[in-house]
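> pasting the sequence and the predicted coordinates here, then a few questions.
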Amino acid sequence: MKLCGECRRTVLPYLMAGFIAAFIAFLTWFMLAFTGVEADAKRWWTVGSFVGVYGLLLTYLFSCMRRHCRHDRHHHAAS
């Protein structure tokens, strides 16, 4: 996956993806706390939801950054 140096160093998209993933993980923890799930299971489900959502958002982020890079000299057409 090729990203230009300018896009790779931009921090805001990664922070935004982390914030969204943290919010989803908090909602997961909150809902599991009301259902009475054990602490270990709650912890694993919360970490799993954070990692899963953050991974999916990073995949989407990289594909969009590669497709819509303003700093690249050539145009990437959507396939």
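Sure thing, it's come through. Numbers count the residues shown, from 1 in each chain.

> may I see the buried residues of the helix or strand hosting residue 31?
Assignment of secondary structure by DSSP states H and E places residue 31 within helix 12-35. Applying a neighbour-count criterion of 16 or more other C-beta atoms under 10 Å, the buried positions in helix 12-35 are 17, 21, 24-25, 28-29, 32. All C-beta atoms are positioned from the backbone trio N, CA, C, and that covers glycine.

> ditto for stretch 56-75
Neighbour counts over stretch 56-75 (16+ other C-beta under 10 Å) mark 57, 61, 65, 69, 72 as buried.

> what's the closest of the residues you listed to residue 8?
Sorting the buried residues of stretch 56-75 by distance to residue 8 puts residue 65 at the head of the list, at 8.3 Å, by C-beta to C-beta.

> so how far is residue 65 from residue 17?
According to C-beta to C-beta, to the nearest Å, residue 17 and residue 65 sit 11 Å apart.

> of the buried residues of stretch 56-75, which belong to helices?
57, 61, 65 (DSSP state H).

> could you tell me which residues make contact with the second one?
In this structure, residue 61 makes contact with 13-14, 17, judged by C-beta atoms under 8 Å, 6 or more residues apart in numbering.

> and for the first one?
Neighbour list for residue 57: 17, 20-21 [criterion: C-beta under 8 Å, 6+ apart].

> let's have those in TSV, adding distance to residue 6.
TSV is the format used below for the contacts of residue 57 (distance: C-beta to C-beta, whole Å):
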residue	distance to residue 6
17	18
20	23
21	24
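
> tell me which of those has the lowest pLDDT.
pLDDT is lowest at residue 17 among these; the value there is 94.

> leaving out chain neighbours, which residue sits closest to that one?
Residue nearest to residue 17 in three dimensions, not counting chain neighbours: residue 57, with 4.0 Å by C-beta to C-beta, 6 or more residues apart in numbering.

> okay, now the unreliable bits of this protein?
Applying pLDDT under 70 to the chain flags the ranges 1-3, 5, 70-79.
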